[in-house]
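Engineer: A predicted structure for the sequence below; I have some questions about it.
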Amino acid sequence: MNILVIKSSVFGDNGHSSSLVNDQVAAIQAQHPDAQVVVRDLSADPIPHLDGERVGAFFTAADQRTSEQQAVDDFSLALIDEVKAADRIVLGLPMYNFGIPSQLKSWIDHVARAGITFRYTENGPQGLLDNKSVTVVAARGGLYAGTENDTVTPYIKLFFGFIGITDVSFVYAEGLNMGDEAQEKALNEAREALQAG
C-alpha cells in the first residue's frame, strides 16, 4: 500500500489537523507495516502560487520551453506522480476564513492539469485518476459541517471528483476554538471516528 499524506496547516505538526493525520497514518502503518508513506507538508515545503509565468509554462509546448519553464512543469508532474502512485490519500484540512488554506490551493492548482489528471470530452470533463481513497481530516474552530457556511467540504469533493477520485470520506473535528472542554471532546471524537474508519 502506498499512502500520500498531505498536511496543509500553517502550524505544521502543531496544527490539530496534522496531529490527527499523524495518528491516522500511525494506525494505518500498524495494520500495514509494509506501507510506503510519502508526506507532503505544505507548510514546511510551500508550493508557489500560480502566476502568469507558471501557467505559461504549463501551456508552452515541451520543445519550446525554457529551462525555467521546464522546471515548473517537472515540479507539477512530480506532485501528480505522488497522487498517481498513492493507493490512499490522507489530507489534513483546516478551515481558514471559510476556505481551504492557500497553500493547499497551490497544490490543487499544480495537480489539476488538463490532459494529465483530467480531460474535456464531448460529455464534459472526465477525471483520469481513480482506484484511490481519500480520508479528509477537517479541523475547524467553529461548527460548520452540514451548514451553508461549510464551503470546504463540497469544494474538496468537487476537486477530487474532477480528477476521477470519488471515494472521499470526511472526519470532522469542530468547535476547536470553543473552549478547552469542547476542543478535547472534538479531538477525541475525531480520533474515534478515524479508528472506526
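Structural biologist: Looks like it arrived, so ask away.
Engineer: Residues touching the longest helix anywhere in the chain, excluding its own?
Structural biologist: Longest helix in the chain, counting residues (DSSP state H): helix 67-85. Outside helix 67-85, the residues that touch it by C-beta atoms under 8 Å, 6 or more residues apart in numbering are 2, 4, 38, 40, 47, 53-54, 56-58, 60, 62, 65, 89, 107, 110-111, 113, 116-117, 129, 132, 163. C-beta here means a position set from N, CA and C on the backbone, and glycine is covered the same way.
Engineer: Show me the helices in the protein, by range?
Structural biologist: Under DSSP H, the chain gives helices at 16-31, 52-59, 67-85, 102-111, 152-162, 180-196.
Engineer: what's the closest of these to Val137?
Structural biologist: helix 16-31 (4.7 Å; C-beta to C-beta).
Engineer: okay, the angle between that closest one and helix 180-196?
Structural biologist: Note on geometry: by axes from the mean of the first three to the mean of the last three C-alpha atoms, to 10 degrees, helix 16-31 and helix 180-196 are set 30 degrees apart in direction.
Engineer: Off-centre distance for helix 16-31?
Structural biologist: Remark: helix 16-31 is offset 15 Å from the chain centroid, using C-alpha atoms, centre = their mean, to the nearest Å.
Engineer: Counting neighbours, which bits of that helix end up buried?
Structural biologist: The neighbour-count check on helix 16-31 (16 or more other C-beta atoms under 10 Å) flags 16-25, 28 as buried.
Engineer: in this protein, which residue is closest to the centre?
Structural biologist: What sits nearest the mean C-alpha location of the chain, by C-alpha atoms, centre = their mean, is Leu91, with 4.5 Å.
Engineer: Show the pLDDT at it.
Structural biologist: pLDDT for Leu91: 98.
Engineer: which ones are touching it?
Structural biologist: 6, 8, 21, 134-137, 156.
Engineer: Next, work out how far apart Ser8 and Val168 are.
Structural biologist: Applying C-beta to C-beta, to the nearest Å, the value for Ser8 to Val168 is 15 Å.
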